[in-house]
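**Q** what shape does this take:
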Amino acid sequence: MGRKRHWWNKRPESGKDFSLLVSIPLDKVCVSFPVSIPLDKVSVQSSTNVHGLKCDLLSTLPRSWVDISPPTDSDVIIICKPSYYETSNTSRVQFTIQIKATFNWSVFLHNNLLSYASCSVLHCIPCELHGVDDVLSLIRCVEKAKICQGHCDSKYKCLVRHRNGKFHDNKGMLLALEDLVTLDKPTIRSSHCEFLLDSDSPYSKCRPCYKIRTLLRIALSRYQHVIEIASLKRVGVHSHVNHRYLLEKEKDFKLRHQHQHIRSLERKLTHMATKLSIATEKVGVHLNSDMHEDVCSIMKQEDNEVVKLHPEGSFQRMFWSQQLNASRVQKASAMKWHPLMIKWCLYLRYKSSGAYEALRESGCLKLPSQRTLRDYTHVVKAANGFTLDIDEQLVRVSKLLTLKEWQKCVALVIDEMFIREDLVYDKTNDELIGFTDLGDINNHLVAYEKCLNEDTCPTVANSMLVFMVCSFFTQMKYPYVQFPCANVSGDLLFAPIWEAVFRLERCGFKVLTITFDGAAANRRFLKLMGSEKVLFKVINKYSLEKRPLFFFSDPPHLLKTTRNCLASKARHLWCNGSDILFQHITDMYYRDREKSMGLLLLPKIKLEHIQLTPFSRMRVDLAAQLLSETVAKALVLSGDPAVQETAKFVTMFDKFFDALNVSNYTSGVNKRKVFQQPYRSGDDFRLKWLKEEFLVFLDTWEQSVQARPGFSASEKQKMLLSPQTLLGLRITVNSFIGLVQYLFTLEGVESFLSQRIGQDPLEKFFGCQRQRGATSDNPNVSEFQKNMQTIRIVDTMCRPSVRGNCQEIKNQHPINPNENTPLLKRKSKRKKSKKAKQHD
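**A** As a prediction, this is how the structure comes out:
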């Protein structure tokens, strides 16, 4: 029977390839097929040209194959095999065989050319098909072969969409791609896929597809990890968030992430240690005396190059010259070390005495011995209370004699640090160290009070009261004096505070402010100074010109207590008919995190800002980020009238903190916040804002609450900030206005940074004390005393804790190369000679 030729015998349009026909559905094909003849029963002869082969092939072509050769082109034979796919309910051409005039052939599987070189199934077919028998062998081979299934797992769908259907290596070479045509379902194939497998093969994938299996698994694992991290970051999972505030998947992710991070660090450490030991064994050389002399000669020869490379006054230049001089001296005691070198070595020893000794014994660097360093740290006896030696050291460190009058203005900063209760025996002075000591007068008063109560047991100190002297116009921040105490009261603060003011004025400083936090003892001290409701200044009776002495409550501490009052469940803040609620910020945060895409309105607000813990309540940075301009604008953009008063509250305290926390000369310009610019006159607009807007805002708020009917006095009190916070805000604002106006009356004052009145330097000092204790972060009295003198010397080099409550000022280099002030050294006690002993 003959065949009816319809669309498959029509000549394609000019410029189009035959492969475009493969997408035509099978239901549009009208063809009558002959009776199926088994391929092994067909007997044919070789043809001399393609036209003859085509005529012979039409009568023997299997029923499932169709001739779609162009009728006008007799030099090409194109046959195809349509197939029906039940899953997609479509019919498509599956195989296409093309035979050219040279009898060369090509096989296509859904538009994919099967390479003769890579497809091992086609190796049994000759390169040229001269007879029908060869063509039928090719057809038989293609029909019996299995199609490579690739990787059809549904878990790779998200990965395919993320990679746009293509996978590349680090060099940009294509390794795998998505295939949507070959099978009735999507799959991922290797770029070198063979497409066909032997019918007897037990595998469903070709060898190249099996090789990319590991690649896909790694890519999927990394993609899932990235998606998981991104989703959890939007929720705000942080390593410091308490577990009780996390969901099960968040806790699982946090623990797994920390475990992986620890294992990664351990592997890196092990690898570096192994690499270092191998390198030492292979290329390490033990220096004898001859090689030591050679190294010294090389250093001398290269001295000029180092001098050219590093300018005069740099730390590198000084360090090189010190090492060069140390290599020349024959005796270690003959070396004269630079003061900056001593400070640097003291800082290294302060961080870890064991690491410093290991570095010194390695021979890589010439460093002073620890015995020499102790002569510098023990030049002043470690003791509590005021001493004349400390006063002399303060004058020397501050270079008081070279300062101008306006540069002598200082602030006295006071705070307490909890320490470990412990008693240590000092064999040098034959005494126990660890009891409370608040000065002679206070000690007698406490002893008399205990005598009246029939209590003769001395009290062990559990905290350390520290006074720090901070300059307004220089970088001097000096830990002045410390007092071990326990439950100190405001009555006991009176004598040491005024003695500190007297001693500083006698040395030549001008004490203008006293800064402390809002503790009950500090408020009691203010009550002793006067009967005014808001006492913010007194006359400094020890100054010759009777200067004012201003009192400050630490601004970061006030911001922190304000945030805590807002977040407290015991309070329900209310002002001018509207609520001021922490819930407004919480709802805004969760709505912001529910976005599936797009920018966040509150990018810096995390879960730790919302779910407060005892530790996070003490962090000032969290309070500053919560009560910020960004949060206020986000509340305003919500358009909800109920949150407008909360937005105003946040805006007021953001401006308050910016005005009293100016730390440098550039942040106001860089951040485009005028409230963070330095003060340059006594009539700055911020002083007027603090007096006429901020203080008025607090007074209006309090008046509106007191005038609200139907509530008791205790209930009205819960609608306001705590009385301690309100008192601290009023004292600080009034003192700050008076201080700025007074400073700009002094000759020579051109600018002022308001952060100089805060407790950040003292918080940094406490962080350095805790760092010295390593895992035991609370030192006892004896350890605190020993660390005190070292920190006094290397204070500019000490770095604050990463998790500390205050942040380091940016662009401030810890090493000042111009620091060449000689350091005092403890004089050694020389032994008497035999003649001197005989003379005695």
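
**Q** now do the helix ranked longest in the chain: distance to the chain's middle.
**A** Secondary structure of the chain read by DSSP state H shows that its longest helix is helix 248-283. Offset of helix 248-283 from its chain centre (CA atoms, centre = their mean, to the nearest Å): 19 Å.

**Q** got the buried residues for that helix?
**A** 250, 253-254, 257 (16 or more other CB atoms under 10 Å). C-beta coordinates here come from the backbone N, C-alpha and C atoms, glycine included.

**Q** let me know the closest of those residues to Leu695.
**A** Distances from Leu695 to the buried residues of helix 248-283, taken as CB to CB, are shortest for Glu250 (43.6 Å).

**Q** what packs against the longest helix of the chain?
**A** Packing partners of helix 248-283 (3 or more CB pairs under 8 Å, 6 or more residues apart in numbering; DSSP states H and E): helix 213-235.

**Q** dump the buried residues of helix 248-283 into CSV; add distance to Gly284 and pLDDT as well.
**A** Putting the buried residues of helix 248-283 into CSV (distance: CB to CB, whole Å; pLDDT from 0 to 100) gives the following:
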residue, distance to Gly284, pLDDT
Glu250, 48, 76
Phe253, 44, 78
Lys254, 43, 80
His257, 38, 81
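
**Q** where does Thr775 land on pLDDT?
**A** On pLDDT, Thr775 comes in at 56.

**Q** equivalent analysis for the one 5 residues further on, please.
**A** For Asn780, the pLDDT comes out at 89.

**Q** ramachandran coordinates for it?
**A** The phi/psi pair for Asn780 (degrees, to the nearest 10) reads phi -90, psi -180.

**Q** ok, it touching Glu421?
**A** Yes. Using CB atoms under 8 Å, Asn780 is in contact with Glu421, at 7.5 Å.

**Q** overlap in contacts, those two.
**A** Residues touching both Asn780 and Glu421 (CB atoms under 8 Å, 6 or more residues apart in numbering) are Gly434.

**Q** between those two, which is the more surrounded one?
**A** When neighbours are counted by other CB atoms under 10 Å, Asn780 and Glu421 differ, and Asn780 comes out ahead with 22 against 15.

**Q** how about low-confidence regions in the stretch 701-840 of the chain?
**A** By pLDDT under 70, the weakly predicted segments of the stretch 701-840 of the chain are 773-776, 795-820, 828-840.

**Q** repeat that for the stretch 201-350 of the chain.
**A** 229-240, 245, 285, 287-295.

**Q** number of residues surrounding Ile390?
**A** Neighbour count of Ile390, defined by other CB under 10 Å: 21.

**Q** ugh, wrong one, I meant Pro641
**A** Quick note: Pro641 (other CB under 10 Å) scores 8 neighbours.

**Q** that one: what's it in contact with?
**A** The contact partners of Pro641, by CB under 8 Å, 6+ apart, come to none.

**Q** same check on Cys152?
**A** By CB under 8 Å, 6+ apart, the contact set of Cys152 is 183, 185-188.

**Q** who wins for neighbours among those residues?
**A** The most crowded member of these, judged by other CB under 10 Å, is Ile188 (25 neighbours).

**Q** now Phe685: how far from Lys691?
**A** 11 Å (CB to CB, to the nearest Å).

**Q** try Pro603
**A** Taking CB to CB, one finds Pro603 at 34 Å from Lys691.

**Q** who has more neighbours out of those two?
**A** Lys691 (14 against 9).

**Q** got the phi/psi numbers for that one?
**A** Per degrees, to the nearest 10, the backbone of Lys691 is at phi -80, psi -40.

**Q** OK, contacts around it?
**A** By CB under 8 Å, 6+ apart, the contact set of Lys691 is 733, 737.

**Q** next one: Val733
**A** Contact partners of Val733, counting by CB under 8 Å, 6+ apart, are 656, 690-691, 694-695.

**Q** let's have these in JSON lines, adding distance to Trp574 and secondary structure.
**A** Listed next are these as JSON lines, based on distance: CB to CB, whole Å; DSSP: H, G, I helix; E, B strand; the rest coil:
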{"residue": "Phe656", "distance to Trp574": "20", "secondary structure": "helix"}
{"residue": "Leu690", "distance to Trp574": "24", "secondary structure": "helix"}
{"residue": "Lys691", "distance to Trp574": "25", "secondary structure": "helix"}
{"residue": "Phe694", "distance to Trp574": "19", "secondary structure": "helix"}
{"residue": "Leu695", "distance to Trp574": "20", "secondary structure": "helix"}
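
**Q** so how many other residues sit close to Met652?
**A** By the criterion of other CB under 10 Å, Met652 has 19 neighbours.

**Q** now Gln583
**A** For Gln583, the count of nearby residues is 11 (other CB under 10 Å).

**Q** and Val135, by the same measure?
**A** 27.

**Q** would you check that it makes contact with Asp56?
**A** No. Contact criterion CB under 8 Å: Val135 and Asp56 do not qualify, at 9.0 Å.

**Q** residues contacting the residue lying closest to Phe103 once chain neighbours are set aside?
**A** Once flanking residues are discounted, Phe103 sits nearest to Glu128: 4.0 Å by CB to CB, 6 or more residues apart in numbering. Counting by CB under 8 Å, 6+ apart, Glu128 makes contact with 102-105, 134.

**Q** and the contacts of stretch 198-205?
**A** For stretch 198-205, contacts defined as CB under 8 Å, 6+ apart pick out 120-121, 144-146, 148-151, 197, 210.

**Q** tell me which of these has the lowest pLDDT.
**A** Scoring the contacts of stretch 198-205 by pLDDT puts Ser120 last, at 79.

**Q** once you drop chain neighbours, what's closest to that residue?
**A** Glu194 (6.5 Å).

**Q** ok, now which ones touch the one you found?
**A** By CB under 8 Å, 6+ apart, the contact list for Glu194 reads 114, 118-121, 148, 206-208.

**Q** show the backbone phi and psi for Leu739.
**A** The phi/psi pair for Leu739 (degrees, to the nearest 10) reads phi -70, psi -50.

**Q** you'd agree Leu432 is in a helix?
**A** No. Assessed with DSSP: H, G, I helix; E, B strand; the rest coil, Leu432 is strand; it does not lie in a helix.

**Q** looking at the residue nearest to Phe103 now. What's its pLDDT?
**A** If you check Glu128, the pLDDT there is 78.

**Q** related to what we said a few turns ago, need the contacts of Val733 in CSV with pLDDT and distance to Leu216, can you?
**A** What follows is the contacts of Val733, written out as CSV (pLDDT from 0 to 100; distance: CB to CB, whole Å):
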residue, pLDDT, distance to Leu216
Phe656, 96, 56
Leu690, 96, 63
Lys691, 95, 68
Phe694, 96, 61
Leu695, 95, 66
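
**Q** if you rank these by neighbours, which is first?
**A** Phe656 (25 neighbours).

**Q** from what I can see that residue touches Leu690, true?
**A** Yes. Counting by CB under 8 Å, Leu690 is a contact partner of Phe656 at 7.4 Å.

**Q** quick check, the residue nearest to Ser120 in a strand?
**A** No. The assignment for Glu194 (three-state DSSP) gives coil, which keeps it out of a strand.

**Q** state the distance from it to Val733.
**A** Distance check for Glu194 against Val733: by CB to CB, it reads 80 Å.

**Q** before we move on, back to that, which among the contacts of Glu194 count as buried?
**A** By neighbour count, with 16+ other CB under 10 Å, those hold 114, 119, 121, 148, 206, 208 as buried.
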